[in-house]
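Asks: sequence isn't available, so here's the structure alone:
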């Protein structure tokens, strides 16, 4: 056997999963032995449509974050790829990664209470559930149709499966039933919407 006394050893996840049309983050680290030069990083043996960026690249210390992306055209399946560090022209170290590409991700939105009554001078929360398939990334939330005299408070993007929107009725608007369209979006996703009827009194 040959023991390298100068150079680097690369650590990468043994397996990763990503939905077609989406990205996944992974921490890549280097173990250095008597080697202080910058180390450029590349992806090895990746199928067409699978790419990666590294931050930083080249690696100046011992850690970089890889963003691995699969185009929507990549056929779902498992691919044996590698993460490679390049020490000039003398050595290339490659860490094998079993990459599983899953079908494109989808989300759907549903409401806990519909319609929602919001009396004058009151604040009422509405619970929203996100159902995810092959997607674990952030979901950006937008609203349309909120009437005058009503304000909303919510967190966006959403990283979990549940969130709430608080509707506050100042009493200055016209009473009635208002359809509020709640839309969720994310990288590689088809937008998903649900309509919540808000009754203003």
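Replies: Perfect, I can see it now. As the structure is a computational prediction, the values presented were derived from the model and not from experiment. Numbering: from 1, shown residues only.
Asks: which residues touch the residue positioned nearest the centre of the chain?
Replies: Geometric centre of the chain, nearest residue: residue 137, 2.5 Å, by CA atoms, centre = their mean. With contact set as CB atoms under 8 Å, 6 or more residues apart in numbering, residue 137 has these partners: 22-23, 105, 186-187. Just so you know, the C-beta spots here come from the backbone N, C-alpha and C atoms, and that holds for glycine as well.
Asks: now with 6 Å?
Replies: By CB atoms under 6 Å, 6 or more residues apart in numbering, the contact set of residue 137 is residue 186.
Asks: with residue 155 instead?
Replies: By CB under 6 Å, 6+ apart, no residues touch residue 155.
Asks: again, only this time at 7 Å
Replies: Neighbouring residues of residue 155 by CB atoms under 7 Å, 6 or more residues apart in numbering: residue 163.
Asks: flag every buried residue along the helix or strand containing residue 78.
Replies: Here residue 78 sits within strand 77-87, counting by DSSP states H and E. Neighbour-count burial for strand 77-87, counted by 16 or more other CB atoms under 10 Å, picks out 79, 81-87.
Asks: go on, stretch 166-177?
Replies: Neighbour-count burial for stretch 166-177 [16+ other CB under 10 Å]: 167, 169, 173.
Asks: for the second one, give me the pLDDT.
Replies: By that I understand residue 169. Turning to residue 169, the model gives it a pLDDT of 97.
Asks: hang on, it packs against residue 120?
Replies: Yes - assessed by CB atoms under 7 Å, residue 169 is found in contact with residue 120 at 5.7 Å.
Asks: tell me the pLDDT at residue 62?
Replies: pLDDT, residue 62: 95.
Asks: picking that back up, now the buried residues of stretch 166-177 as CSV including secondary structure and distance to residue 195?
Replies: CSV is the format used below for these (DSSP: H, G, I helix; E, B strand; the rest coil; distance: CB to CB, whole Å):
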residue, secondary structure, distance to residue 195
167, strand, 14
169, strand, 19
173, coil, 19
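Asks: okay, those residues in JSON lines with distance to residue 48 next?
Replies: Output for the buried residues of stretch 166-177, formatted as JSON lines (distance: CB to CB, whole Å):
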{"residue": "167", "distance to residue 48": "48"}
{"residue": "169", "distance to residue 48": "54"}
{"residue": "173", "distance to residue 48": "54"}
